[in-house]
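Student: the following block contains a protein sequence and its predicted model.
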Amino acid sequence: MEYLALAVLCSVGIATIIKYAGIKGYPSFVLFATNYLVATIGALIGSGGKVAPFSDPPLLLLTVFLGGLFIWCFWILMMAVKKLGMVLPVTLMRISAVIPTLASIVLFGEAPMLMQIIGIALAFIALPLAARGPVTKDDIQTLFGSGFGWGLVLFFSYGLTDFMFKLQKEHFPVGNLYEVLVVIFGTAFVIGTVTMLVRKEKISAPVLLSGVLLGILNMFAAYFFMSAIAVLPGVVVFPANGIGVILLSTVVGVLLWKEKLAVRNYIALALAVTALLFLS
């Protein structure tokens, strides 16, 4: 159980650094590139120097695509946090588990249980309630200005990422996930570095330090989560991890960052927690 608690702490730590970096106005891709350099080194150590995708071209293509998704999701998370605060984007990330669940039903023919159907419905009901205020016609026309658009993109992007891992597990199983993460993190590092150079972002010690810390938390979040899966049933780990991250992020967001949540937002949090329980 301690692995699960540590995985939750690392995940919330990641969101906290993203929030802090946004407040400080740190250049995004210097932060991301540094993070993924550290994460790549950690994955190489964890894999013992083995890189499974190099001997399997279809898996290599999938992991490169996942690397692009990883840094895309980080950037979208930063944009969503700037507009919506920390609590709501983290909640949207966690209930995005509904997307791979739906895909498993539609594409892999997995028969859903009644509880899963209810969980899927609750997740989608929670979506508009995660906006700062009631979603109106004007909000739909100016999705990104209101912040709700960033939240929606975050929801679908993280859901797609989880689905890609589902594809990897079904079609390209590996004994040590770090052998796959090496390429994913490495690809994200290359994309981050190129984008940083193109945008001519300024490198500074505080940004590099934040990036290193972000990379360490990123690496250990994956390690502790995989360790928890190894000793606890998935039906316990997946919902408990998601619920723990949502609840702890809410505490940190409200107490540390003084975020103000409307009643509708608390309803969204409650629906998200219930959806995760039902989806497990």
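Tutor: The structure has been received and is ready for your questions.

Student: going forward, measure contacts and count neighbours with C-alpha atoms only.
Tutor: Fine.

Student: and Asn176, how many neighbours does it have?
Tutor: 15 (other Cα atoms under 10 Å).

Student: quick one: residues contacting it.
Tutor: Ser47 (Cα atoms under 8 Å, 6 or more residues apart in numbering).

Student: so it, which of the three states?
Tutor: coil (DSSP: H, G, I helix; E, B strand; the rest coil).

Student: so which strand or helix has the nearest residue to Leu69 once chain neighbours are set aside?
Tutor: Nearest non-adjacent residue to Leu69, counting by Cα to Cα, 6 or more residues apart in numbering: Thr161, 6.5 Å away. Here Thr161 sits within helix 148-171, counting by DSSP states H and E.

Student: would you mark the buried spots in that helix?
Tutor: Using 16 or more other Cα atoms under 10 Å as the burial criterion, the residues of helix 148-171 that qualify are 148-168.

Student: need the pLDDT of the residue nearest to Leu69.
Tutor: On pLDDT, Thr161 comes in at 93.

Student: check contacts around it.
Tutor: 66, 69-70.

Student: most neighbours of all those residues, which one?
Tutor: Going by other Cα under 10 Å, Leu66 tops these with 24 neighbours.

Student: quick check: which element contains it?
Tutor: Applying DSSP H and E, one finds Leu66 within helix 57-84.

Student: what's that helix packed up against?
Tutor: helix 2-24, helix 28-47, helix 87-95, helix 148-171, helix 178-198 (3 or more Cα pairs under 8 Å, 6 or more residues apart in numbering; DSSP states H and E).

Student: worst mean pLDDT among the ones you listed?
Tutor: Taking the mean pLDDT of the helices and strands packed on helix 57-84, helix 148-171 comes last: a mean of 90.

Student: I figured Ile203 hits Val30, correct?
Tutor: Yes: look at Ile203 against Val30 with Cα atoms under 8 Å: they come within range, at 6.5 Å.

Student: so between the two, which is more surrounded?
Tutor: Val30 (25 against 14).

Student: I'd like to know how many residues surround the closest residue to the more buried one other than its chain neighbours.
Tutor: Leaving aside its chain neighbours, Val30 sits nearest to Met196 (5.8 Å; criterion: Cα to Cα, 6+ apart). The local packing of Met196 (other Cα under 10 Å) involves 20 other residues.

Student: what sits against Met196?
Tutor: Taking Cα under 8 Å, 6+ apart as the test, what Met196 contacts is 29-30, 33.

Student: now these in JSON lines, with distance to Leu4?
Tutor: Formatted as JSON lines, these follow (distance: Cα to Cα, whole Å):
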{"residue": "Phe29", "distance to Leu4": "29"}
{"residue": "Val30", "distance to Leu4": "30"}
{"residue": "Ala33", "distance to Leu4": "27"}
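
Student: quick one: which of the residues you listed is nearest Trp75?
Tutor: Phe29 (8.3 Å; Cα to Cα).

Student: so what touches stretch 49-62?
Tutor: 44, 63, 164, 168, 172, 174, 179-180, 182-183.

Student: among these, which pair sits farthest apart?
Tutor: The distance between the two most remote of the contacts of stretch 49-62 (Cα to Cα) is 21.2 Å, for Leu44 and Met164.

Student: for the spatially closest residue to Ala97 that is not a sequence neighbour, give its distance to Ile45.
Tutor: Nearest residue to Ala97, sequence neighbours excluded (Cα to Cα, 6+ apart): Gly159, at 5.8 Å. Distance from Gly159 to Ile45, counting by Cα to Cα, to the nearest Å: 28 Å.

Student: and Ala5, by the same measure?
Tutor: Relative to Ile45, and taking Cα to Cα, Ala5 is found at 23 Å.

Student: over to Gly119?
Tutor: Counting by Cα to Cα - Gly119 and Ile45 are separated by 38 Å.

Student: these two - which one has more neighbours?
Tutor: Between Gly119 and Ile45, counted using other Cα under 10 Å, the more crowded position is Gly119 (25 against 14).

Student: quick check: chain neighbours aside, which residue is closest to Met78?
Tutor: Nearest to Met78 is Ile18, by Cα to Cα, 6+ apart, at 6.0 Å.
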